[in-house]
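Trainee: Build me a structure from this.
(chains A, B and C)
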Amino acid sequence: MSTKTEKIDRLAELTAQTETSSGSSLWVEAFRRLRASKMAVIGACIIAAFVVIAVIGPWIAPHSPIAQTWRGDVLPNQNVFVGPRGGNWLGLDHLGRDEFSRMLEGARQTLLVGVVSTALGFAVGAAVGVAAGAASTLGGRAGRRFDSVVMRFIDMMLAIPSLLLAVSVAAVLGQSLTTVMIAVGVVQIPIFARLLRGSMLAQGGSEYVLASRALGVRKRRIVLGHIVPNSLSPVIVQATLSLATAIIEAAALSYLGLGNPDASVPEWGVMLAQAQSYFDAAPSLAVYPAVAIIITALGFTLLGEAMREALDPKLRG
Amino acid sequence: MTQPLLSVDELTVTFTGRGRRDVQAVSGVSFSVDQGQVVGLVGESGCGKSVTSLALMGLLPDRGVRVGGRAEYDGTDLFGLSPSRRRALRGSQLAMIFQDPLSSLNPVVPIGVQVTEILARHRGMKGEAARKEAASLLDRVGIPDPRRRLKEYPHQLSGGMRQRALIAMAVACAPRLLIADEPTTALDVTIQAQILELLKELVDQEGTALLMITHDLGVVAGLCDEVNVLYAGKVVESAGRRDLFAAPTHPYTHGLLNSIPRLDAPRGEPLHPIRGSINDNIAWADGCAFAPRCDFYTLECLAGTPGLSEPRAAGHQVRCVNPVLPGSAGATGGTTGGTAGLEKTEATS
Amino acid sequence: MLRLVVRRLLQLIPTLLGLSVLLFVWLNRLPGGPAAAMLGERATEADRIRIEAALGLDQPLYVQYGRFIKRLFELDLGTSSQTGQPVWEEFTQRFPATVELALFAILIAVAVGIPLGYFAARRRGSWLDVAAVSGSLLGICIPVFFLAFLLRAVFAVQLGWFPSFGRQTTGINATEVTGFFVLDGVLTGEWDASWDAVMHLILPALALASIPLATIVRMTRASVLEVLGEDYVRTAESKGLDRRVIRGRHVLRNAMLPVVTAVGLLTGSLLSGAVLTESVFAFGGIGSFLRTAIDGRDYPVLVGFILFIALTYVIINLLVDLAYNLIDPRVRVH
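Mentor: Residues are numbered from 1 along each chain as shown, chains lettered A, B, ... in the order given. Prediction:
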């Protein structure tokens, strides 16, 4: 008797030593890989810093971002600008406003445009994608026809370059901050729709879906309970990457004069566009918002790319 | 005794992933292949049999892998050769057939080019001569209408035809050693038999030595002269085919044979899978890796690595402290559940 | 092949039809449309009726749409409200400049991106790989207009290595044959004119190439990495083939497939980028023209431009599709 327990104990002890890690779920595993990825950590830190600045920035700003307090100190027409000095850490802009305070305030606007427009694109695009994907995988002949009509429409949207789509939206709705957000969001719709649909079609053809159907699981349950959750990961990655694109796209709209018409509200894209006129005399005024835009976009891109790698089944070891 | 064509001595392959613990996939494998002999390497997936074949061919990635031990081919040390000398040997002297014929063929290059390129490399054949030779090779492996097939792409061929095409490439330069890594696993049962028949024929005609890597004891029974059973990166039993099937001595080999369903078994007779999986093992340094799954396990099994012994007939070696003796066979079947010992055991019935 | 071309062309019809309806509605029915724009804010009811009659807006919708389509087929896109010239003529005049710029940019992106992506993948984890990956990530994060501006400020204005605006130095008086200045110079043997045009192209093309370049590098790298792990590459190795043959025939040929598709899809962003780059460099192509059209709310030009771009995009992707058919036998129709 005692040898038997000894046998078992000794074996258990040795087996435990060679235990391989397996069986953790996809998301847990993905998160573990994300934490180990330098790209993800850097990206997440940038994003965290950006969000914190966007939230508390306006409160900690030392001066009003709008008041032209030092209007007399700068003469843009004669190339007289004021660089960093005590009290104005980043100097003054071309209207004598505190650049540092404007940068802080601008973070909030930039985040707002990025998040709202991506959320819009995501929501509409995902809805269209789910409808088309579900119709195509489980809707039979009529479903596939519906899917092909919807996709034709989506293709049409893809055929119009993003900036022009934004121009059209801005032209129809008039110029406002809302327009910028809608314009940038509309551009994202076809991307999300295509991605989610494609991913759903791939899932729809997989054997577990076939098995559920054979078992008589209700179609709605198959779509919402199985296909959609399993199709989401590429879309979530895309959403992260889209935040970067949205910020850059919004800056481009500002540059084309289609941004927020209320120029007193500081936004990095507008600030960059305006500063380019004075680039020779005061290059730093363009560099601050440009670097801020680039770093923020880089943060979202890094995190998105790292997520893509972490979720890619081919790279999972 | 003449020198064997290939002799492998204490081969080890270690994967050294960055930031991870080293994993030893092959830990001291020794065997030899004589001219014209068919030798089997048998085991479950994960036992190191494919890694062994890739190491011999020199197809393991450069980084993250450490290969130890010796492998002598025709008197030359394979691991000591320069990369370009090994490259010259591959395809001409040593050739390999892989498991999945579809993914092993380049999808965007016509079959003909994939055959002629090896003729161009090792036999210096070009143009029409190469095409003619390629067609006759395809003909030899039983592909009808070879001229037309040369222009076709892999996706236009059936699974069996693709494997035949891969075999044609492997034998194009009349290699002296052919390594076949589960050449029939991805095929239908009827096609499997045809491909095995073809391999046998080629080997008999040309006197090519064949190293057959498989999990399928049916394949072993039909083809191999000598068999090496691998478990967790070590040979646990090696014997001639007759000896192995007549008197399996290692509990693992024993379990493998027992787990094959038999048509002549009485109705209601339960199957006898080996319990657990290849992941339930202990390090060889601590004892016998198979101990956790073994029905004959005793405390002595945990006293360091068991050595290869020579219990009975010449050439029949076993690595076990408590070998199964003749007569006790079939007395104990592990009926305690768990997964089937072999992948696709059902296919072998 | 011909059947495939015809089928793809037929598939375009619904897309273009839908697009024309969308544009028609936008142009004629939405607030902020041309009628409203023409009227301004202080228009009276009588003004509105007069203008709507003049534009034919009082007729039934299908009549209006029919007329809209008929005019499209006659290449009558209306007159630009800024220049008073027919939109079609304005386009054909500026078209070669933009095409030249876009071609140059895509050429740079392909010529640099594919080798860079390939070698980054071959030497995964090396400094070259790290540089290529971080460079391409940075490349997609820099706003195109800022990059264009920066290049211009540094290399044209400060260092003076390149001209800072336009397509041609004034006073060169090159003979115009096709409107593609580089090609014109070659055709007429005016080599200095060709050289001058190339110098004018380099900076804007570099700026415009940033996003396609970054995309191609990343796609090529990912694709090569995937192919390197494929069984057929291992088969090729097992045959002992030359490295050169393995790289070209077995790795690159397969790895290029997704990249070809990506290049087609880049057209859209390339044309968006052209609007921004051209306006920084006052390049005188369609992009610069559009910039002024946006400022002046020049609707006929905007509509014409969107139709034109959509058509270009669709045609380029059709060509890419056909090219893909040629190189990937698996999708070939028999």
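
Trainee: Does B:R147 touch B:A135 like I think?
Mentor: Yes. At 5.3 Å, B:R147 and B:A135 qualify as touching, with contact defined as C-beta atoms under 8 Å. Just so you know, the C-beta spots here come from the backbone N, C-alpha and C atoms, and that holds for glycine as well.

Trainee: the more surrounded of those two?
Mentor: Between B:R147 and B:A135, B:A135 has the larger neighbour count (other C-beta atoms under 10 Å in any protein chain shown), namely 21 against 13.

Trainee: Excluding covalently adjacent residues, which one is nearest to A:G257?
Mentor: C:D295 (6.0 Å; C-beta to C-beta, 6 or more residues apart in numbering or on different chains).

Trainee: Over to B:Y153?
Mentor: Nearest non-adjacent residue to B:Y153, counting by C-beta to C-beta, 6+ apart: C:P329, 4.3 Å away.

Trainee: can I assume the one you found is in contact with B:V113?
Mentor: No. Using C-beta under 8 Å, C:P329 is not in contact with B:V113; the gap is 11.7 Å.

Trainee: Quick one: residues contacting the residue nearest to B:Y153.
Mentor: Residues in contact with C:P329 (C-beta atoms under 8 Å, 6 or more residues apart in numbering or on different chains) are B:107-108, B:110, B:153, B:155.

Trainee: Check B:L138 too.
Mentor: Contacts of B:L138 by C-beta under 8 Å, 6+ apart are B:111, B:115, B:146, B:149-150, B:164-165, B:168.

Trainee: Flag the shaky bits of the stretch 51-200 of chain C, pLDDT-wise.
Mentor: C:52, C:54-58, C:174 (pLDDT under 70).

Trainee: My error: substitute the stretch 151-300 of chain A in the last question.
Mentor: Using pLDDT under 70, the stretch 151-300 of chain A drops low at A:161, A:171-172, A:263.

Trainee: now do 80
Mentor: Within the stretch 151-300 of chain A, the stretches with pLDDT under 80 are A:152, A:155-176, A:204-206, A:256-265, A:277, A:280-281.

Trainee: can you pull out the helices in the stretch 1-150 of chain C?
Mentor: Assigned by DSSP state H, counting those that start in this stretch, the stretch 1-150 of chain C shows helices spanning C:2-29, C:34-39, C:45-55, C:61-73, C:87-122, C:127-141, C:144-151.

Trainee: which of these is buried the deepest?
Mentor: Stretch with highest mean neighbour count among these: helix C:144-151 (a mean of 24; mean count of other C-beta atoms under 10 Å in any protein chain shown).

Trainee: Could you grab the helix/strand/coil label for the closest residue to chain A within the stretch 151-300 of chain B?
Mentor: Chain A sits closest to B:I282 of the stretch 151-300 of chain B, with a gap of 3.9 Å, by C-beta to the nearest C-beta. Of the three states, B:I282 takes coil under DSSP: H, G, I helix; E, B strand; the rest coil.

Trainee: mind checking how far it is from B:V42?
Mentor: Distance, B:I282 to B:V42, by C-beta to C-beta, to the nearest Å: 22 Å.

Trainee: Of those two, give the one with the bigger neighbour count.
Mentor: B:V42 (27 against 24).

Trainee: Can you name the residues bridging to the more buried one?
Mentor: B:V42 forms beta bridges with B:T214, B:V229, as assigned by DSSP bridges.

Trainee: residues touching it, list them.
Mentor: Neighbours of B:V42 in contact, by C-beta under 8 Å, 6+ apart: B:49, B:214-215, B:217, B:220, B:227-230, B:256.

Trainee: Just give me the closest of these to C:L101.
Mentor: B:K49 (58.5 Å; C-beta to C-beta).

Trainee: got the CA coordinates for stretch A:166-173 in PDB?
Mentor: Output of stretch A:166-173 as PDB, limited to C-alpha atoms (Å, rounded to 0.1, in the frame of the first residue of the first chain):
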ATOM      1  CA  ALA A 166     -15.000  63.600 -46.400                       C
ATOM      2  CA  VAL A 167     -15.200  66.600 -48.700                       C
ATOM      3  CA  SER A 168     -18.600  65.500 -49.900                       C
ATOM      4  CA  VAL A 169     -19.900  65.000 -46.400                       C
ATOM      5  CA  ALA A 170     -18.500  68.300 -45.300                       C
ATOM      6  CA  ALA A 171     -20.100  69.900 -48.400                       C
ATOM      7  CA  VAL A 172     -23.500  68.400 -47.700                       C
ATOM      8  CA  LEU A 173     -23.600  69.000 -44.000                       C
END
